[in-house]
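S.K.: this one's structure only:
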């Protein structure tokens, strides 16, 4: 089938499904779309990290809904809390009810994710955060256990989330996963791909982070055929940049330049078989959606690229809301929901939903207690995992007590995490193919946790 035929078939079926409206959830109906599928490798898997920079406000992302919990939430967040009536349409009805009648709802602007949850392809993971080892409030208060350095600091906690080390880390757990599995890819450079610039998360000890723009690979020298109008000058410069040299540093520079040029050609050629028009579900005016669109395009040509295991990183900033939270947070979290929904629907359309797992991450959660019309830096937070392999329609972990000075709170409603990032990450890494014996290579602190907790079961 030609690319044009594929595109027409994709758009035709998408239009038919849209017209069907409420007759069937879009996420379940999209399984019928097969023409656009290109990623047919039998053993392909991808992990996609969606990082929310600034520290996402957990309480207005996943508000409590049962009456007792909601009353505590509303009392702590006067002027910030969602109205309970507004939460009714996004009330989560998990297949396994929470103990004590506890209930949660998605923020109203996260409604696009509700069908994925209801279809059993999204899991909610409660109270995840950076830890060095299991920690109780008494231990935290007594400072009797090791804690993540520089808690509540943006840069350090972003780094600790991504690398298990504060700012200055030289490798992240996504990159270390890449170290273990890159040999199975035809081009090892395409194991760890960043669509949002640069992040320690994807830097391995040997795996190299490859950056792409939302339009595709980034060309060296803008891929120009002339330099100051001269083809000879351009050719000469390329020869100088890529030719062998007796000097070790110059020779390494040439090797990297050759790799960049060769990889650009390889990726650009492959993406030519997956035109952007084949991916119509992503909303415009949403930078996160644009990043996930290029990730989807790359996944669709994974077979052509010889990829079997890929780790991706995308991100959205603007979550450091010390003020104007009620006005701004619904928009930001809505961008995340719409982008993830479009991406999940597209993986269904490509026939790879069971091989692509997407998960959220952020510096930290925020305080439950309002700070005027915002919230301050916190610790634990709520996160979401989507994909065809996810054991969804469930909430994992223990619902934290709501309020100030509770057993789960270290001040102002800052949650003391009950699921460590290491346990969250090891669950994902286990699905991806990292063995138990290699887990400490990826997550240096995982040995501080009982091995029975390394797999939280959400995927």
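M.R.: Arrived safely, thanks for sending. What you see is a predicted model, and the numbers here were worked out from it, not measured in a lab.
S.K.: Quick one, grab the pLDDT at residue 42.
M.R.: Note on residue 42: pLDDT of 47.
S.K.: whoops, residue 236 was the one
M.R.: In this model, residue 236 is scored at 66, pLDDT.
S.K.: Make 44 the first number, not 1, from now on.
M.R.: Fine by me, first position is 44 from now on; the one you just mentioned is residue 279.
S.K.: mind listing the strands for the stretch 344-493 of the chain?
M.R.: For the stretch 344-493 of the chain, applying DSSP state E, counting those that start in this stretch gives strands covering 352-359, 399-405, 424-429, 437-439, 462-463.
S.K.: Indicate which one of those strands is closest to residue 274.
M.R.: Across the strands of the stretch 344-493 of the chain, residue 274 has its closest neighbour in strand 352-359 (35.9 Å, C-beta to C-beta). All C-beta spots, glycine's among them, are computed from the backbone N, C-alpha and C.
S.K.: what helices or strands is that closest one leaning on?
M.R.: strand 88-95, helix 216-224, strand 235-237, helix 330-343, helix 368-393 (3 or more C-beta pairs under 8 Å, 6 or more residues apart in numbering; DSSP states H and E).
S.K.: Which secondary structure elements does the second one sit against?
M.R.: Under the contact criterion of 3+ C-beta pairs under 8 Å, 6+ apart, helix 216-224 touches strand 88-95, helix 197-206, strand 235-237, strand 352-359, helix 464-475, helix 482-485.
S.K.: Now those in JSON lines, please, with extra columns for mean neighbour count, distance to residue 388 and mean pLDDT.
M.R.: JSON lines is the format used below for the helices and strands packed on helix 216-224 (neighbours: other C-beta atoms under 10 Å; distance: least, C-beta to C-beta, whole Å; pLDDT from 0 to 100):
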{"stretch": "strand 88-95", "mean neighbour count": "24", "distance to residue 388": "14", "mean pLDDT": "98"}
{"stretch": "helix 197-206", "mean neighbour count": "22", "distance to residue 388": "27", "mean pLDDT": "97"}
{"stretch": "strand 235-237", "mean neighbour count": "26", "distance to residue 388": "21", "mean pLDDT": "98"}
{"stretch": "strand 352-359", "mean neighbour count": "26", "distance to residue 388": "16", "mean pLDDT": "98"}
{"stretch": "helix 464-475", "mean neighbour count": "23", "distance to residue 388": "21", "mean pLDDT": "98"}
{"stretch": "helix 482-485", "mean neighbour count": "19", "distance to residue 388": "30", "mean pLDDT": "98"}
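S.K.: Next, format these as TSV and append distance to residue 259.
M.R.: Converted to TSV, the helices and strands packed on helix 216-224 look like this (distance: least, C-beta to C-beta, whole Å):
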stretch	distance to residue 259
strand 88-95	17
helix 197-206	25
strand 235-237	11
strand 352-359	14
helix 464-475	25
helix 482-485	29
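S.K.: show me where pLDDT drops low in the stretch 244-393 of the chain?
M.R.: For the stretch 244-393 of the chain, the stretches with pLDDT under 70 are 263-272, 276-286, 288-290, 293-303.
S.K.: redo that, cut-off 80
M.R.: 262-305 (pLDDT under 80).
S.K.: Generate TSV for the helices and strands packed on strand 352-359, with distance to residue 472 as supplementary columns.
M.R.: Shown next, in TSV, are those (distance: least, C-beta to C-beta, whole Å):
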stretch	distance to residue 472
strand 88-95	8
helix 216-224	6
strand 235-237	14
helix 330-343	19
helix 368-393	20
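S.K.: so which of these comes closest to residue 146?
M.R.: Closest among those, using C-beta to C-beta: helix 368-393, at 19.2 Å.
S.K.: next one: the closest one to chain centre, how far?
M.R.: Relative to the mean C-alpha coordinate of its chain, helix 368-393 is positioned 12 Å out (C-alpha atoms, centre = their mean, to the nearest Å).
S.K.: circling back: in JSON lines, list the strands of the stretch 344-493 of the chain along with distance to residue 208.
M.R.: Compiled in JSON lines, the strands of the stretch 344-493 of the chain are given as follows (distance: least, C-beta to C-beta, whole Å):
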{"stretch": "strand 352-359", "distance to residue 208": "17"}
{"stretch": "strand 399-405", "distance to residue 208": "15"}
{"stretch": "strand 424-429", "distance to residue 208": "20"}
{"stretch": "strand 437-439", "distance to residue 208": "26"}
{"stretch": "strand 462-463", "distance to residue 208": "14"}
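S.K.: between the ones you listed, which gets nearest to residue 231?
M.R.: strand 352-359 (10.3 Å).
S.K.: Ends of stretch 221-230, what's the gap?
M.R.: End-to-end span of stretch 221-230 (C-alpha to C-alpha, to the nearest Å): 12 Å.
S.K.: Show me what counts as buried in it.
M.R.: For stretch 221-230, burial by neighbour count (16 or more other C-beta atoms under 10 Å) applies to 221-225, 228, 230.
S.K.: State the mean pLDDT of it.
M.R.: 93.
S.K.: Quick one: residues in contact with that stretch.
M.R.: Identification of contacts with stretch 221-230 by C-beta atoms under 8 Å, 6 or more residues apart in numbering yields 231, 234-235, 245, 247-250, 306, 309, 348-354, 475-477, 481, 484-485.
S.K.: With residue 142 as the reference, name the closest of the helices and strands packed on strand 352-359.
M.R.: Among the helices and strands packed on strand 352-359, helix 368-393 comes nearest to residue 142, with 26.7 Å by C-beta to C-beta.
S.K.: Regarding stretch 140-147, how distant is the last residue from the first?
M.R.: Termini of stretch 140-147 sit 11 Å apart (C-alpha to C-alpha).
S.K.: so how far is that stretch from its chain's centroid?
M.R.: Per C-alpha atoms, centre = their mean, the centroid offset for stretch 140-147 relative to its chain is 27 Å.
S.K.: sorry, back to before: now for the buried residues of stretch 221-230, which pair is the farthest apart?
M.R.: Distance extremes for the buried residues of stretch 221-230: the farthest pair is 223 and 230 at 16.6 Å, using C-beta to C-beta.
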